[in-house]
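K.L.:
Here is my input, please return the structure:
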Amino acid sequence: MKIYKVKVNGKLYEVELEEVKETAGSIAAPAPAAAPAPAAAPVAGGTKVPAPMAGKILEIKVATGAKVAKGDTIAILEAMKLENEIKSPASGTVKAICVSKGAMVNNGDALIVLE
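P.N.:
Have a look, this model is predicted:
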């Protein structure tokens, strides 16, 4: 174990880290780095708005057929006790809503489809 001192927002913390080594037959892989939020990907007849992280849908702010502008808040996603506003990546009309209030989603799951 190694002990390090880390300063976060002006407060000093002492953390203890354990070195992980390879063993015969298995390799200890480092934790994957957080991927940036995926860009909206085109899907059949529309633009998919993906979940930028795993979490719970607290609110859907639009309805099917509603017109949205780029940057409008279209949903609220709770992740790690924080409420995150999901913004529209483009202007358009809401073609489909793929999730409902209270649903648990994974990173990359389609939330809404725009056309």
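
K.L.:
Hmm, Thr47 and Lys70 touching each other?
P.N.:
No - counting by CB atoms under 8 Å, Thr47 is not a contact partner of Lys70; they are 10.8 Å apart. C-betas here are computed from N, CA, C, even on glycine.

K.L.:
Please say which of those two ends up with more neighbours.
P.N.:
Neighbour comparison, Lys70 and Thr47: the larger count goes to Thr47, with 18 against 11 (by other CB atoms under 10 Å).

K.L.:
Need phi/psi at that one.
P.N.:
Thr47 has phi and psi values of phi -110, psi 120 when expressed as degrees, to the nearest 10.

K.L.:
Over to Tyr4?
P.N.:
According to degrees, to the nearest 10, Tyr4 has phi -130, psi 150.

K.L.:
before we move on, what about the one 3 residues further on?
P.N.:
In terms of degrees, to the nearest 10, the main-chain angles of Lys7 are phi -110, psi 120.

K.L.:
swap in Glu18?
P.N.:
When quoted as degrees, to the nearest 10, the phi and psi of Glu18 stand at phi -110, psi 130.

K.L.:
ok, now Pro52?
P.N.:
phi -80, psi -10.

K.L.:
how far away is it from Asn84?
P.N.:
Distance of Pro52 to Asn84, computed by CB to CB, to the nearest Å: 7 Å.

K.L.:
got any residues that touch both of the two?
P.N.:
Each of Leu77 lies in contact with both Pro52 and Asn84 under the rule CB atoms under 8 Å, 6 or more residues apart in numbering.

K.L.:
follow-up on the earlier one: any common contacting residues for Lys70 and Thr47?
P.N.:
Overlap between the neighbourhoods of Lys70 and Thr47 consists of 89-90, taking contacts as CB under 8 Å, 6+ apart.

K.L.:
quick one, phi psi at Ile57?
P.N.:
Here the main-chain torsion angles of Ile57 (degrees, to the nearest 10) amount to phi -80, psi 120.

K.L.:
correct me, but it touches Asn106?
P.N.:
No - taking CB under 8 Å as the contact criterion, Ile57 and Asn106 are not neighbours in contact, 11.9 Å apart.

K.L.:
Thanks a lot, catch you later.
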